[in-house]
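Novice: Show me how the following folds:
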Amino acid sequence: MPMPSPCPCLWNRVCGGLAALALIIGMRSPAVPQVPDPTGKAEQTADPLLNLNNASRMFYTLAKQQSLARSGPVLIVIGDDLVLRKGAKRTQARFIPEIYHTLKTFDHIPLALDVALTAHAGETPLGEDFLNELRDYRGLFPAAGERIDGAGLDAEQRARQKTIIAACAQFVDSVLDKRQCSPAERMNFTRKMTPLLMANASAAARAALDSLHRQVCEWKGQLTPQEWSELTVLVIGRQLPRKDNLAVQYFARLLGQPGEGKRLIYAEGLGDEPRALDLLATHLVDTQVGIDFFNDPNRMARDLLSDGTRDYLPLLLDQPR
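Specialist: Residues are numbered from 1 along each chain as shown. Below you'll find the predicted structure:
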C-alpha cells in the first residue's frame, strides 16, 4: 500500500513516527488505542475526548521513538546470548558456556525428584502411574552418568556429579521399592543434596561470569569512552528468579550502579528483544516526565494513582460507615 502524501496534520506525523519506531526496534510497534485514519479518508470517532486522548498517546509514542533514536549503545542479555546494538549495527554472541548447562542439568535431578514427590505427598502407597514415571526417569540416569567424564569438568566437579547421580538413584530405588515416601524422608534427601547443589551453582556462576566478562571487555574495546558512559544494559528474564539476577549483579558492579535503574533495566517477562527495546524507550521518556513534573526521575516507575490510593484507602476501609 503506498504511503500517503506528506501532510502537516498530526496524524501523518504520527504515522511516520510509528513507522520509524518499527524500524528501530525491528518489529511492528506495540498495539495502541485505535486512532482515526491518518489519510483523512476515514471518519474520526464521534467522541472528541477519545480523539484527543488518542492524539495524546500518539505524541507519547513519537517521543519514545525519538528518545530511543537518540540513546547511546544498548547491550542486551537474552538467554545464553549477548546483543550489542550501536546505531544501525547489531552484534550477537553467545556467552553462556556449555559447562554451565552441564552443572545445572545435574542440579535439576534432585530438584525434579523433590517437586515430583511433593506433588504426590500424602499418597500411600504411591499410584502406579507415578511409580512408572519414576522408573522411566530413573532409567535415564546410567546414560547421563556415562557422559560425566567427557563433559569438560575438572576432577572435583566430575566426582560431585557422580555423587549426585548415585545418591539420586539410591533414593529413587528406595521409593520404588517401598512404593511410598514420607515428607521426612524427602526432606532428609533434599538437605543432603543442598551442599552439592550449591557447589554446582557456584561453579556454574563463575563459568558464566568469566565468559560474560570476556565478551563485555571485547565489546568495550570497540566503544569510545563517551559511548561506554552512555551504554544502557537490558536484561531480559522471567519474573522468577529476578532478585539478585547474575547479569544484573555483574553489570551493576561493572557500571558502578546501585542496581536496576537508569543504565540497567530488567525486562521482566517480555521474552524478546523488540519488546525489551520498547521498554527501554518507555523508560527513557518516563524518566524525563518524572524529572519535569515531580523532580524525581523514578516517579513514573510508581503508579501515578498510588499517592491518591494511599490517601483514600484509610477513608474507604478504616472508617465506620
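
Novice: His213: what's it in contact with?
Specialist: Tyr250 (Cβ atoms under 8 Å, 6 or more residues apart in numbering). C-betas here are computed from N, CA, C, even on glycine.

Novice: most centrally placed residue in this structure?
Specialist: When the chain is reduced to its mean C-alpha position, the closest residue under Cα atoms, centre = their mean turns out to be Gly237, at 1.0 Å.

Novice: next SSE after the helix or strand harbouring Leu176?
Specialist: Following DSSP states H and E, the helix or strand that holds Leu176 is helix 155-178. Of the helices and strands lying after helix 155-178 in sequence (DSSP H and E), the nearest is helix 183-220.

Novice: if we can go back for a sec, look up how far Ile78 lies from the residue nearest to the centre of the chain.
Specialist: Counting by Cβ to Cβ, to the nearest Å, the separation of Gly237 from Ile78 is 9 Å.

Novice: again, but for Asp244
Specialist: In this structure, Asp244 and Ile78 are separated by 19 Å, where distance is defined by Cβ to Cβ.

Novice: Stretch 209-225 - what's its average pLDDT?
Specialist: Per-residue pLDDT values across stretch 209-225 average out to 96.

Novice: Correct me if wrong: Gly152 contacts Ile99.
Specialist: Yes. A contact is recorded between Gly152 and Ile99 when judged using Cβ atoms under 8 Å, the distance being 5.7 Å.

Novice: number of nearby residues for Asp296?
Specialist: Other residues lying near Asp296 total 12 when counted by other Cβ atoms under 10 Å.

Novice: Quick check: it is in a helix.
Specialist: No. Applying DSSP: H, G, I helix; E, B strand; the rest coil, one finds Asp296 to be coil, outside a helix.

Novice: Which pLDDT value does the model give the spatially closest residue to it that is not a sequence neighbour?
Specialist: With sequence-adjacent residues excluded and distances taken as Cβ to Cβ, 6 or more residues apart in numbering, Asp296 is closest to Gly290, at 5.1 Å. On pLDDT, Gly290 comes in at 88.
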